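*Asks:* my questions are about this predicted structure, shown below with the sequence.
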Amino acid sequence: SWLSKHSIHAETLLTFQGHQQTIKKWLAERILPENCDFSTHQLLDNLPYLDKRSYSIASISEQGQLELIVRLIEKDTESFGLASGYLSHQCQIGSIIKGQIRSVSAHHSIELSQPLILIGAGSGLAGLKAQIETRLHNQKNKIIGPMWLLFGERNSCQTLPLNKYLLNLQENTLAKLSCAYSQDSNYAKYVHHILNDEKSMLKQWLQEGATLYVCGCL
C-alpha cells in the first residue's frame with residue numbers, strides 16, 4: 001500500500017551496495033515515512049533501517065541449525081507486528097536475513113546432574129527449549145537430572161505447534177509438565193496459579209538442589 005501510494009513499482013530492480021533485488025524487498029527492512037519525496041534511487045540512502053529485534057535461540061550448536069520461536073503479533077486482519085509479520089508472511093525459504101549472535105553467559109547450562117525447574121510462557125519457551133536440548137544431547141554420556149517445566153499458553157488445542165512439542169516432552173523427556181491455559185475456561189489460569197498449587201513440590205525440588213530458570217527480565 002505504501003508503494004502504491006508513492007507510485008513505486010514493487011518489482012523494480014534496484015542495486016545497492018553491490019547487491020540487486022526488488023525495491024519491495026529492500027524496503028521490507030526500512031522505516032517508511034507517511035510522506036516521501038525521495039526518488040527511487042534516493043530511498044535506500046535516506047530511509048533508516050527498522051529497529052533491531054532480539055530473540056532467544058531455541059536450539060544448541062550441536063543441532064547444526066539455529067532455531068527461533070516466533071509468535072505472530074496480529075494488530076488486525078491485515079496488519080501484523082513488523083518482525084513477526086515479516087518472518088511469518090513475507091520472508092521466503094532461502095531469503096537472507098542479517099543478524100548477529102549475542103552471548104549471554106548467565107543463560108548457559110548449569111551442572112547437568114542437578115534437577116532443573118523451567119518457567120516460561122508463550123514464545124518464552126525458546127531459551128528453556130535450549131536448556132532441555134542441552135540435556136537431551138548429553139544424556140547418553142552423562143547423568144541427567146530431572147526436569148520440570150511450568151508453562152503458560154493461551155489454549156490447549158493440540159494442533160498448535162507449541163502444544164505438540166509440549167506433549168512430546170511430557171511423554172519422552174520431562175519428569176513433570178505443568179501447563180496453565182489463559183483462554184480455556186471462564187477462569188483464566190496462569191503460571192503463578194500453578195506455583196501456588198504446587199508450592200510443596202516446588203520447595204521439595206529446591207531443597208534437593210534444583211536450579212530455577214525463569215523466562216523474562218524481572
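*Replies:* In hand now; what should we look at? Everything numeric in this text was worked out from a predicted model, so none of it was measured. Residues are numbered from 1 along each chain as shown.
*Asks:* please make it C-alpha for all contacts and neighbour counts, starting now.
*Replies:* Will do.
*Asks:* direction included, what does the lowest-mean-pLDDT helix or strand in the chain pair against?
*Replies:* One helix or strand of the chain scores below all others by mean pLDDT, DSSP states H and E: strand 74-76, with a mean of 82. According to DSSP bridges, strand 74-76 forms sheet pairs with strand 79-80 (antiparallel).
*Asks:* I'd like the next helix or strand past the partner strand.
*Replies:* Counting by DSSP states H and E, the next helix or strand C-terminal to strand 79-80 is helix 82-85.
*Asks:* nearest residue to the middle of the protein?
*Replies:* Ile69 (3.1 Å; CA atoms, centre = their mean).
*Asks:* quick one: contacts of the least confident helix or strand of the chain?
*Replies:* Contact with strand 74-76 is made by 80-81, as judged by CA atoms under 8 Å, 6 or more residues apart in numbering.
*Asks:* now it, how far from the chain's geometric center?
*Replies:* Its chain's average C-alpha position is 18 Å from that of strand 74-76, according to CA atoms, centre = their mean, to the nearest Å.
*Asks:* for that strand, which positions count as buried?
*Replies:* Buried residues in strand 74-76, counting neighbours by 16 or more other CA atoms under 10 Å, are absent.
*Asks:* related to what we said a few turns ago, hmm, Leu128 and the residue nearest to the centre of the chain touching each other?
*Replies:* No. Look at Ile69 against Leu128 with CA atoms under 8 Å: they stay out of range, at 11.2 Å.
*Asks:* just the element for the residue nearest to the centre of the chain, please.
*Replies:* In this assignment (DSSP H and E), Ile69 forms part of neither any helix nor any strand.
*Asks:* distance of it relative to Thr22?
*Replies:* Using CA to CA, to the nearest Å, Ile69 is found at 28 Å from Thr22.
*Asks:* now Val104
*Replies:* 36 Å.
*Asks:* looking at the two, which has the bigger crowd around it?
*Replies:* Thr22 (14 against 7; other CA atoms under 10 Å).
*Asks:* re the thing from before, tell me the residues that contact both of Ile69 and Leu128, please.
*Replies:* Residues touching both Ile69 and Leu128 (CA under 8 Å, 6+ apart): Ala58.
*Asks:* hey, C-alpha coordinates of the longest helix belonging to the chain in CSV?
*Replies:* Ranked by residue count under DSSP state H, the longest helix found in the chain is helix 125-138. C-alpha atoms of helix 125-138 as CSV (Å, rounded to 0.1, in the frame of the first residue of the first chain):
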residue,chain,number,x,y,z
LEU,A,125,9.7,-21.3,25.6
ALA,A,126,12.7,-20.6,23.3
GLY,A,127,15.5,-20.2,25.9
LEU,A,128,14.1,-23.0,28.0
LYS,A,129,13.9,-25.3,25.0
ALA,A,130,17.7,-24.8,24.5
GLN,A,131,18.3,-25.9,28.1
ILE,A,132,16.2,-29.0,27.5
GLU,A,133,18.0,-29.8,24.2
THR,A,134,21.4,-29.5,26.0
ARG,A,135,20.4,-32.2,28.4
LEU,A,136,19.0,-34.5,25.7
HIS,A,137,22.2,-34.1,23.7
ASN,A,138,24.3,-35.2,26.7
